[in-house]
Each structure stands twice: as structure tokens, then as C-alpha cells.
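Enquirer: give me coordinates for this.
(chains A and B)
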Amino acid sequence: MTSPLSEAAVGHLLRELAPQVLGAVARRHGDFDAAEDAVQEALLAAATQWPAQGVPANPRGWLYHVALRRMTDHVRSEMARRRREDAVATQVWADWAFVPPPGGDVGVDGDDTLVLLFMCCHPALTPPSAIALTLRAVGGLTTAEIASAFLVPEATMAQRISRAKASIKASGIPFAMPTPAERGERLRAVLQVLYLVFNEGYTSSAGADLNRPDLSNEAIRLTRAVHALLPDDGEVAGLLALMLLTDARRAARTGPHGELIPLDEQDRTLWDRALVDEGVALVSAALSRGSAGPYQLQAAIAALHDEAPSTEATDWPQIHALYGLLRRMTDNPMAALSHAISAAMVHGPAAGLEMVAALDADPRIAGHFRLDAVRGHLHQMAGEPERAIAHYRAAARRTASTPERDYLLTKAATLAATLAAAQPQAPSGE
Amino acid sequence: MKFLLMMNAPYGQAGDHEIFSWPPEAIQAHVDYWGELNRELKEAGEFVGVHALTPPKQARIVRAGSDGLPAITDGPFPESKEFLAGFWTVDVESAERALQIAAKASAAPGPDGEPLHMAIEVRQVMSAPASDQA
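Expert: The predicted structure is shown next:
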């Protein structure tokens, strides 16, 4: 035991090591479920021991050793139970009995992180299960940390994770890289889960609790790891760029009371230039290689916003063209709605309102509060405050987000007050 | 997405929880039903919390008074036919699943073992993501 590290530094180190150790243990024994539990126990042991006693000279070897010993203990008790029931081949036991010394080197295979991600984000799992399992197995977060990030009891999160692992077991997915034919589709599922984790953090950071892990940072960290493993994949680069370009606006996105500040009202001097530069460089390099995917297009749009000095000076024709491409590529109604907003910025609010009206026929988005919010915005642009107020209020009634509701109500109230002040005063009865 | 499921029970003859006058087997069956439902929610990883409330006769209504002193009266509202008996918070994947859980809660057995058909009010908890783009 040598270097003393703070609890936070130990936590950071453990999250880096978690997928490497789990990969090595799972590769050796093939039982992902048991390996994942054993590594989680080893991480918990390290989290309590290392800040007090110092970090071992070979932290990865230490974790691997402790995890394997936990697995051996588990197998030993399982074997004892089975031995009472029937005779078991001794070879199985021999496989489990060897545990390397804690200082011993562990073969690290970079692809293990990818294999783990492919497993945890398997399309057979529901998104909430995949998110929870990914954060624990690949992100190295404890069950308690994940539970607090999603504001549910720890037992509930533990149950969600063990159900996810049971689904993986039942589906018979091996701990191995998917075939080249499957890889593209499986990678899309991984990116989707990472994006969901990012959004969860992006939107719940208002009034953040210091004890809650920052999910946006976790998503960025994991996506960076995937990008390092697959540097030539344009969509991985695109997703990382999109996250960085969105995260760059973090400080400007909420006011002192946690209230939502929309893009066009943000103080752009608060945007993180280093993140913007990194995101722009990533997406530019990815786009120059051709065949842009949806994440690259969204990153390119975010880059145009982040590089503009103001809403007015934003390259709206270019954004409008990119949304048009995105819409054709994904058939996503939210992309269609953004396309309508950009149309309004280029051709005027009437053009935007016409495109929004067409979306009323799409059952995937009809009745969604965002349709009303956009209508409110476009009517306000068109100088029709009464209509804008009605749509802002309708949107406020339908949203399930508190900051969004407060923002929409304030918008409506501000317009109403302006309107009232502009009315000629009724003569007071004399 | 999180939902609050509020269980509204009818006032009994005495203007209180009817359950106090049920036969013991009926009470046991009723209690077991909740135990089973809560176990199902926990095993599905959907359980956030559950609270049963004391009878409405013990309730007090507090209202801030204009003189700075709160006015405290007995509550809840004597003219209503139902009162809040307890509530769950669940974290589920869809609104449909929340309705399904509510339907199960509504069918808890009464004094004769038949479903009570209690009204369960289902409300989404405001915790959805916000975005800075219009």
C-alpha cells in the first residue's frame, strides 16, 4: 500500500479500472453474472479500504485478485451444496481454485470494454435496464450511486440490475464480440443507451445534489472510451461531439434558481470554449470522412449554434438544411419539429407554423406539449401575443417537466403583462 | 417515468375506514393482497415507496390565517364520499404500466372477498427532462 488518495480520486480510479477488471474476470470464467457481482464487491471493498490504507501498488491486480477470490468463495459454497447432492467433476473445481496473487499482472484487453457495452446494451433489454447495467458494469458506479442518480431506493435499482442480468443469461448471449454482421446494429444500441444516460444527466442537473453522480460526465467518459477504441467510426465521434457541444452550454442553461434558460436567451460568454472547440474539431473530422449519420448531423447543428455569437447571427439556412437531411434519414417527428423552427428562422413564422400543422397528423407527436410550445414561440415571433399565450399555457399544462412548465408559464405571463400594459386604461368611474 | 397512485376508499357507516368492522379472514386477505402487490413491484424494480394513511378522523386541515396564525380544523372534507387511504410511488416504463398497477390495486378484496373497486387516481410525477432548445 503506497500513495494516499482522496475518496473522490479513488472513486475516479475505480471507475476507470472497473470494466478492465470485469472484462478479465468474465473472459476467464465466462460467467458474466457472477463476475459482475464479484467485481462490484471488490470495488466496494476498495472504496472503503483504499482511502484509509492507501492505494495498492498494482490496483488492477488487487481488484482482480479480490474479485476472483469472491468468485471462488461463491463457487466453493455452490460446489459444497452440489457435492451433497451428487458427485461433481473435479476439473470444474480446478478451474476455479487458482487465484493469482494480488500484485500479479492482469492481461487487459481493450476490446473488453466494447464487449461489455455490447452485452449491457443488448436490444433484448429495456432502456432503463440497459442504462442501469451499463452504469454498473462498464461505468463502475455502485448500485447506491445509480439509485441516487435516478431517485429510486437502492433495493429497487439492485432488482432492476439483477433482472437485466437474468435476461442476458436467459438469452444465452456469450461473453464475446458480436459477429461483424451484427456489430453495426449492436453499436447503434450502445450509442442510444449512452445518449440516454447523457440526457438524463443533462436535464436533471438543475439543483444537483453533490452526492448524486453526474450522469452527463459519466456518459461523456464512456463515450470517450468507445471513441478511443473505435476512432474511425463517424457516429461514435458524432455522438461524443454532440455531447461535448451540448455540455458546453451547461453553465448558461439554468439561472440562479435552477430555472430554464433557452438557447436564444443564454449568456454565450458562459459557454465552455474548450468543449466547443473539441466538439467542433471532432465533428468536422468525422464529416470530412463522408457518409454522415444522425449523431454527426445533430452535432453539426449544435456546432453551428455554439459557434454563433447570437441567435440572429446563427447560420439558420445551414441548420435548416441539416434538419432536412436528419428528418429524411431518421423519420423522427422531433427532428421534423426542429425543422419547422429552422424554417421559421429562414422563411418567417408562417412557414414554420404550416410545417407544425402538418405534424398534428403524426400520432407519435400529436398532442405533445412541445408542439404547443413551438406554436407559442412562432405566434410570438409573428406578433400574435394572444395566440402565443394560449399555446404557451396549453404546453405548460401538458409537460411533465417542472422547469419546462415554469418557463412556459413565465413566458405566457410576461406576454400577458406586456399586453395589459399596452391596453388603454379604462376610464375610472367618477 | 414516475407515477403517484392514490387509493381513494369509501367512507364507512361510521365515516371512517370500513375495514375496522371486517371479519378477520377478510382483513387478512386484504393485507395479503397488498403484500403481494408490493412484492411484485419490488421484484420488477418499479417500487419507489408506499404509504398507508391513518383514518380520516385523525386528519387536521391547516390553513394560514390572515392574522399570521394558522387555522386548524378537523378534516378532510366531510361532504366527500371518499378519502385518501394510501399511496404508492412507482417508477415504470410507460403510463400503461402505471394504469395496470392501479387496476390491480383497485381490485383488492373487501369484506366478502369480492373486489372493492376502489378509485385509484394515477398522476405522473413531474420529473421529465427539460431542454434548452425550443
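Enquirer: the helix or strand containing residue A:223 packs against which elements?
Expert: In this structure, residue A:223 sits in helix A:215-229 according to DSSP states H and E. If contacts are counted by 3 or more CB pairs under 8 Å, 6 or more residues apart in numbering or on different chains; DSSP states H and E, helix A:215-229 sits against helix A:7-29, helix A:111-120, helix A:127-137, helix A:180-204, helix A:234-247. Where you see a C-beta, it was placed from the backbone N, CA and C, and this is true even at glycine.
Enquirer: any idea which of these gets closest to chain B?
Expert: Closest to chain B of these is helix A:180-204 (CB to the nearest CB; 3.3 Å).
Enquirer: tell me which residues of the closest one are tucked away?
Expert: Using 16 or more other CB atoms under 10 Å in any protein chain shown as the test for burial, helix A:180-204 gives A:186-204.
Enquirer: let's test this: mean pLDDT of the helix holding residue A:223, rounded?
Expert: In this model, helix A:215-229 has an average pLDDT of 93.
Enquirer: and for stretch B:10-25?
Expert: 76.
Enquirer: circling back to that earlier point, nearest to residue B:9, of the helices and strands packed on helix A:215-229?
Expert: helix A:127-137 (31.7 Å; CB to CB).
Enquirer: report the buried residues of the closest one.
Expert: A:128, A:129, A:130, A:131, A:132, A:133, A:134, A:135, A:136, A:137.
Enquirer: go on, stretch A:134-152?
Expert: In stretch A:134-152, counting by 16+ other CB under 10 Å, buried: A:134-143, A:145-150, A:152.
Enquirer: do stretch A:391-403 as well
Expert: A:391, A:392, A:393, A:394, A:395, A:396, A:398, A:399, A:400, A:401, A:402, A:403.
Enquirer: how about the helices in chain B?
Expert: B:24-43, B:95-106 (DSSP state H).
Enquirer: now for the ones you listed, which one comes closest to chain A?
Expert: Here helix B:24-43 is closest among the helices of chain B (CB to the nearest CB), at 6.2 Å.
Enquirer: give me the buried positions along that closest one.
Expert: B:26, B:29, B:30, B:33, B:34, B:37, B:41.
Enquirer: partners of the least confident helix or strand in chain B by mean pLDDT, with directions?
Expert: Ranked by mean pLDDT, DSSP states H and E, the weakest helix or strand in chain B is strand B:71-74, scoring a mean of 85. For strand B:71-74, the paired strands and their directions (DSSP bridges) are strand B:60-63 (antiparallel).
Enquirer: what's in contact with the strand it pairs with?
Expert: For strand B:60-63, the external contacting residues (CB atoms under 8 Å, 6 or more residues apart in numbering or on different chains) are B:70, B:71, B:72, B:73, B:74, B:75, B:76.
Enquirer: can you check the pLDDT for residue 95?
Expert: Here I'm looking at chain A. Value for residue A:95, per-residue pLDDT: 50.
Enquirer: could you do chain B instead?
Expert: pLDDT for residue B:95: 94.
Enquirer: pretty sure it contacts residue B:5?
Expert: No: applying CB atoms under 8 Å, one finds residue B:95 not in contact with residue B:5, separated by 11.8 Å.
Enquirer: can you work out which residues contact both of the two?
Expert: Common neighbours of residue B:95 and residue B:5 (criterion: CB under 8 Å, 6+ apart): residue B:122.
Enquirer: which of those two has more residues huddled nearby?
Expert: Set residue B:95 next to residue B:5 and count neighbours by other CB atoms under 10 Å in any protein chain shown: residue B:5 wins out with 21 against 12.
Enquirer: phi and psi next, for the residue nearest to residue A:308 when sequence neighbours are not counted.
Expert: The shortest distance from residue A:308 to any non-neighbouring residue, by CB to CB, 6 or more residues apart in numbering or on different chains, is to residue A:314 (3.9 Å). Note on residue A:314: backbone dihedrals following degrees, to the nearest 10 are phi -70, psi 150.
Enquirer: mind listing what residue A:314 touches?
Expert: Listed by CB under 8 Å, 6+ apart, the contact set of residue A:314 reads A:304, A:305, A:308, A:345.
Enquirer: out of those residues, which sit inside helices?
Expert: Going by DSSP H, the helices hold A:304, A:305, A:345 from those.
Enquirer: can you tell me how far the second one is from chain B?
Expert: Spatial separation of residue A:305 from chain B under the definition CB to the nearest CB, to the nearest Å is 8 Å.
Enquirer: wait, doesn't that residue sit right on residue A:266?
Expert: No: contact criterion CB under 8 Å: residue A:305 and residue A:266 do not qualify, at 9.8 Å.
Enquirer: which of the two has more neighbours?
Expert: Using other CB under 10 Å as the criterion, residue A:305 and residue A:266 rank with residue A:305 on top: 23 against 18.
Enquirer: and the more buried one, what does it touch?
Expert: So residue A:305 contacts A:245, A:263, A:314, A:319 (CB under 8 Å, 6+ apart).
Enquirer: mind checking the SS state of residue A:362?
Expert: coil (DSSP: H, G, I helix; E, B strand; the rest coil).
Enquirer: next, count neighbours for it.
Expert: 14.
Enquirer: just give the nearest non-adjacent residue to it, would you?
Expert: residue A:333 (5.2 Å).
Enquirer: one more: residue A:21?
Expert: residue A:63 (4.5 Å).
Enquirer: now do the longest helix anywhere in chain A against helix A:7-29, angle only.
Expert: Counting residues, the longest helix found in chain A (DSSP H) is helix A:59-85. Put simply, helix A:59-85 runs at 50 degrees to helix A:7-29, going by axes from the mean of the first three to the mean of the last three CA atoms, to 10 degrees.
Enquirer: sketch out the low-pLDDT regions of chain B for me.
Expert: B:13-17, B:76-79, B:129, B:133-134 (pLDDT under 70).
Enquirer: next: chain A.
Expert: A:1-4, A:84-105, A:107, A:202-212, A:425-430.
Enquirer: now do stretch A:357-368: distance to the chain's middle.
Expert: 27 Å (CA atoms, centre = their mean, to the nearest Å).
Enquirer: what residues sit buried inside it?
Expert: For stretch A:357-368, by 16+ other CB under 10 Å, it's A:359, A:365, A:368.
Enquirer: how about the contacts made by the second one?
Expert: So that's residue A:365. Contacts of residue A:365 by CB under 8 Å, 6+ apart are A:333, A:334, A:336, A:337, A:359, A:371.
Enquirer: make it 7 Å
Expert: Residues near residue A:365 by CB atoms under 7 Å, 6 or more residues apart in numbering or on different chains: A:333, A:337, A:359, A:371.
Enquirer: okay, and which of the residues you listed map to helices?
Expert: Short answer: the contacts of residue A:365 in helices (DSSP H) are A:333, A:337, A:359, A:371.
Enquirer: what about the last one, how many neighbours?
Expert: If I follow you right, that is residue A:371. 23.
Enquirer: give the contact list for it.
Expert: Residue A:371 makes contacts with A:337, A:356, A:359, A:365, as judged by CB under 7 Å, 6+ apart.
Enquirer: do the same with the second one
Expert: Contacts were defined as CB under 7 Å, 6+ apart; by that measure residue A:337 touches A:356, A:359, A:365, A:370, A:371, A:374.
Enquirer: what's the spacing between it and residue A:352?
Expert: Applying CB to CB, to the nearest Å, the value for residue A:337 to residue A:352 is 10 Å.
Enquirer: so how far is stretch B:19-35 from its chain's centroid?
Expert: That offset, for stretch B:19-35, works out to 16 Å (CA atoms, centre = their mean).
Enquirer: please export the C-alpha coordinates of that stretch as CSV.
Expert: C-alpha atoms of stretch B:19-35 as CSV (Å, rounded to 0.1, in the frame of the first residue of the first chain):
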residue,chain,number,x,y,z
ILE,B,19,-62.0,-2.2,7.4
PHE,B,20,-62.3,-1.9,11.2
SER,B,21,-65.6,-3.8,11.1
TRP,B,22,-64.5,-6.6,8.7
PRO,B,23,-64.2,-10.2,9.7
PRO,B,24,-60.6,-11.3,10.5
GLU,B,25,-60.2,-13.5,7.4
ALA,B,26,-61.3,-10.6,5.2
ILE,B,27,-58.8,-8.3,6.8
GLN,B,28,-56.0,-10.9,6.4
ALA,B,29,-56.9,-11.5,2.7
HIS,B,30,-56.9,-7.7,2.1
VAL,B,31,-53.5,-7.3,3.9
ASP,B,32,-52.0,-10.2,2.0
TYR,B,33,-53.2,-8.7,-1.3
TRP,B,34,-51.1,-5.5,-0.6
GLY,B,35,-48.1,-7.6,0.5
